[in-house]
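[1] kindly return the folded structure for what I paste below:
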Amino acid sequence: MMQLAVLGFLYDAQLHGYDLRRRIAALTGHVRPIADGTLYPLLKRMETAGLLRRELQPGQVAAPRHMLSLTPAGEQELLNRLRDPDELFITDENRWFTLLAFLRHLDDPAEQAAVLRRRLHFLTQPASFFWDGDRPLRAADFDDPFRQGLFTIATATTRTELTWLRETLAALESQA
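    A predicted model of the protein is given here:
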């Protein structure tokens, strides 16, 4: 998830490590705080893999800064991940949001629509947080207001997302 965020933000603009960390934290930090001990080794691995480059630029007020940018291989890696995301990026809400933040980088509406159809298919399958054998349980099956709240919030969120997905798919398909 963090590597996709790095690729996506650097596809948009050349960034200093601190700015990149701040943007990733704004997107995913509520899920998992971004520690320097996590981000900087990842950046080094991505640089070694040829996905990004580091360039020393003079600082505006202080010392020179290392600016990060994507290489052509990094740009291609982002586009490949967006075109054909791993299943967890479709099924896990936090990974989905990270993917969705950068899906605009795919220029082809048909490719964008293919990813959205995968999410739509996932959301329309029977699901529940709790099951009674093979039967998914619903909010009405509980007297507990907290479990009812869990279901109520999740159902409202899913309905909203389904509406957005269907509207966006219709718009994308009309462009094809």
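
[2] if I look at the residue nearest the centre of the chain, what pLDDT would I see?
    Nearest to the mean C-alpha position of the chain, by C-alpha atoms, centre = their mean, lies Thr98 at 1.2 Å. Note on Thr98: pLDDT of 94.

[3] tell me the contacts of it?
    Met1, Leu4, Ala5, Gly8, Leu27, Thr28, Phe89 (C-beta atoms under 8 Å, 6 or more residues apart in numbering). C-beta: built from backbone N, CA, C; applies to glycine.

[4] would a markdown table of those residues with neighbour count be doable?
    What follows is those, written out as a markdown table (neighbours: other C-beta atoms under 10 Å):
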| residue | neighbour count |
| --- | --- |
| Met1 | 19 |
| Leu4 | 22 |
| Ala5 | 21 |
| Gly8 | 23 |
| Leu27 | 20 |
| Thr28 | 20 |
| Phe89 | 22 |
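
[5] nearest to Gly149, of those residues?
    Thr28 (24.5 Å; C-beta to C-beta).

[6] rewinding a little: may I ask which helix or strand encompasses the residue nearest to the centre of the chain?
    Per DSSP states H and E, Thr98 falls inside helix 93-102.

[7] could you export that helix as CSV, CA atoms only?
    Taking C-alpha atoms only, helix 93-102 is exported to CSV below (Å, rounded to 0.1, in the frame of the first residue of the first chain):
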residue,chain,number,x,y,z
GLU,A,93,-11.0,-0.8,2.0
ASN,A,94,-7.8,1.0,3.0
ARG,A,95,-5.8,-0.4,0.1
TRP,A,96,-8.8,0.3,-2.2
PHE,A,97,-8.8,4.0,-1.2
THR,A,98,-5.0,4.2,-1.9
LEU,A,99,-5.6,2.6,-5.4
LEU,A,100,-8.6,4.9,-6.0
ALA,A,101,-6.5,8.0,-5.2
PHE,A,102,-4.3,7.3,-8.2
